[in-house]
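Visitor: give me coordinates for this.
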Amino acid sequence: MSRLNKILFGFWILSLAALVFVVVAFGIDPIEMERKDVKNTVAIIETHENFVSESPKVEEPVVKKMVEPEPDPVIVKDSIRFAMLGDVLLHLRLAQYKDFSSSFATVTPLMQSYDYLLANQESPPVGNKYALSGYPKFSSPPHIIRDLQNAGVDMVNLANNHTVDKGEGGIRTIFENLAKYNMPYAGAYKSKEDASAQRILEFGSIKIGVLGYTYGTNGLYLPKGSPFIVNYIQEEKMTADIKALRGLVDVVVVSMHWGPEYTVSESDYQRHHAKVLNKAGADIIFGSHPHVLQPYKKIKNDAGHETHVFYSLGNYFSTILTVPNTMVGGIGSFEITKEGETVTIGKPQFDATATLLDKDGVYRVYPLADVEARAVQNLGWVKKVLGEGVTVH
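Guide: Here you go, the predicted structure:
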């Protein structure tokens, strides 16, 4: 061993001896010293964590989003006036007119004032294929359809006792002539498919279904196997038709050809069938056939359903000269309103008319209020027949 190494080794031995002396002299455990160092380190860390956790938190600013209020729901409101005029029954003296526009000229503004106007076209418009004729088996010129349409009529009812006056061929001709003028119809049909095509009219949000029925066809019936159909007053059929239509529309309108002729009061038969229609869900009934006016009534069943009934609108354009009151008739109408899902039928109105023979030999229809001095009856008589539930003009 070199002299330098001997010196270094001796220094190491002295250092070790000094360490042993200190440990023995002061009772210090070197392992415990290491443990204390570890504990002190942990304590320092915990103190730092506590300091951090106890420091006041700085909250981040909350950004509030501007929420726009939802717009109020748009409630649609639609209102129309729906109307029907009485019998158009052309006796031979009228059937020979080459043009009917003059006969309707004075009432055309009135007829066009309604949003929709029905008419009971009682005499078959088949004069282009069958000789013109009056009572008892009618044949009228087809241009009556054109001139009614030009005056304001929007649809015709074909369910009446003269529909089959000219047999199956006559009905075929009726439909051909209606198609020529694009005139809608109800009450009689070209086929089962045509009959099943429900007559639903739309006016904005308002939907109206139209049906028509007759008590009979004067003992004349279509042959078996005929494609044509005439709606007869049969309780089961009417009830089924109305219920099938009820869920598709807001208002059900029924044209009823019924009741005794020339009587200004409705019969038990009419009242009975009005109740049947009311129970089935009909909302409006327009009556025809008596040829004179009959009362307006509003009936209500146990379930609370209301039906407005004009038992007879009288004649609108006809000349049954032997019964003077047949020369007074008119147009019944209602205001139908739908607001949201709420439908109301109100303001029943009757615009009375009179058919008069003018000096030029032409029969014309006039507002009764304008010709009371010439007519067989006045507005007071009309109000008395119709009753207090309807406004008469």
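Visitor: just say helix, strand or coil for Leu245.
Guide: Look at Leu245: counting by DSSP: H, G, I helix; E, B strand; the rest coil, its state is helix.
Visitor: what's near enough to touch the residue nearest to it when sequence neighbours are not counted?
Guide: Distances taken as C-beta to C-beta, 6 or more residues apart in numbering put Gly209 closest to Leu245, at 4.2 Å, once the chain neighbours are dropped. Where C-beta positions appear, they are placed from N, C-alpha and C, glycine not excepted. Contact partners of Gly209, counting by C-beta atoms under 8 Å, 6 or more residues apart in numbering, are Gln198, Arg199, Ile200, Leu201, Leu245, Arg246, Leu248, Val249, Val251, Val252, Val253.
Visitor: dig out what Gly209 forms beta bridges with.
Guide: Applying DSSP bridges to Gly209 gives these bridge partners: Ile200, Val252.
Visitor: quick one: it from Ser191, how far?
Guide: The gap separating Gly209 from Ser191 is 19 Å, by C-beta to C-beta, to the nearest Å.
Visitor: tell me how many other residues surround Ser113.
Guide: Neighbours of Ser113 under the rule other C-beta atoms under 10 Å: 14.
Visitor: OK, contacts around it?
Guide: Listed by C-beta under 8 Å, 6+ apart, the contact set of Ser113 reads Arg81, Gly152.
Visitor: make sure I have this right: it is in a helix.
Guide: No - the assignment for Ser113, made by three-state DSSP, is coil rather than a helix.
Visitor: from Ala105, how far off is it?
Guide: 15 Å.
Visitor: confidence score at the residue nearest to Leu245?
Guide: Looking at Gly209, its pLDDT is 98.
Visitor: nearest residue to the middle of this structure?
Guide: Closest residue to the average C-alpha location of the chain: Lys207 at 2.0 Å, with C-alpha atoms, centre = their mean.
Visitor: chain neighbours aside, what residue packs nearest to it?
Guide: Val249 (4.3 Å).
Visitor: Ser205 is in contact with the one you found, correct?
Guide: No - Val249 lies out of contact with Ser205 (C-beta atoms under 8 Å); the separation is 11.6 Å.
Visitor: circling back: what is the most widely separated pair among the contacts of Gly209?
Guide: Leu201 and Arg246 (15.1 Å; C-beta to C-beta).
Visitor: worst mean pLDDT across the helices and strands of this protein, which element?
Guide: helix 30-54 (a mean of 45; mean pLDDT, DSSP states H and E).
Visitor: and the helix or strand that that one is followed by, which strands flank it?
Guide: The C-terminal neighbour of helix 30-54 among helices and strands, as given by DSSP states H and E, is strand 77-88. Strand 77-88 has the following sheet partners, assigned by DSSP bridges: strand 116-121 (parallel), strand 315-317 (parallel), strand 328-339 (antiparallel).
Visitor: now render the ones you listed as CSV, adding mean pLDDT, mean neighbour count and distance to Thr214.
Guide: Below are the strands paired with strand 77-88 laid out as CSV (pLDDT from 0 to 100; neighbours: other C-beta atoms under 10 Å; distance: least, C-beta to C-beta, whole Å):
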stretch, mean pLDDT, mean neighbour count, distance to Thr214
strand 116-121, 98, 26, 10
strand 315-317, 98, 28, 17
strand 328-339, 98, 23, 18
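Visitor: which phi and psi does Ala240 have?
Guide: phi -60, psi -40 (degrees, to the nearest 10).
Visitor: oh, that last question was meant for Glu261, not what I typed.
Guide: Dihedral angles for Glu261 - degrees, to the nearest 10 - are phi -70, psi 150.
Visitor: so who does it touch?
Guide: His289, Pro290, His291, Val292.
Visitor: cool, and Asn177?
Guide: Pro125, Val126, Asn128, Pro142, Ile145.
Visitor: which helix or strand contains it?
Guide: Short version, using DSSP H and E: Asn177 is in helix 167-180.
Visitor: same deal with Pro348?
Guide: strand 342-357.
Visitor: after that strand comes which helix or strand?
Guide: Downstream of strand 342-357, the next assigned helix or strand under DSSP H and E is strand 363-367.
Visitor: what's the angle from whichever helix or strand comes after that following strand to strand 328-339?
Guide: On the C-terminal side of strand 363-367, the nearest following helix or strand under DSSP H and E is helix 379-386. Going by axes from the mean of the first three to the mean of the last three C-alpha atoms, to 10 degrees, helix 379-386 is angled at 60 degrees with respect to strand 328-339.
Visitor: and for helix 379-386, what's in contact with it?
Guide: 264, 293-296, 328, 330, 350, 352, 368-369, 372, 392-393.
Visitor: quick one, which of the residues you listed are buried?
Guide: The neighbour-count test (16 or more other C-beta atoms under 10 Å) marks 264, 293-296, 328, 330, 350, 352, 368-369, 372, 392 as buried among the contacts of helix 379-386.
Visitor: doesn't Ile145 lie inside a helix?
Guide: Yes - assessed by three-state DSSP, Ile145 belongs to a helix.
Visitor: I'd like to know how many residues surround it.
Guide: Ile145 has 25 nearby residues by other C-beta under 10 Å.
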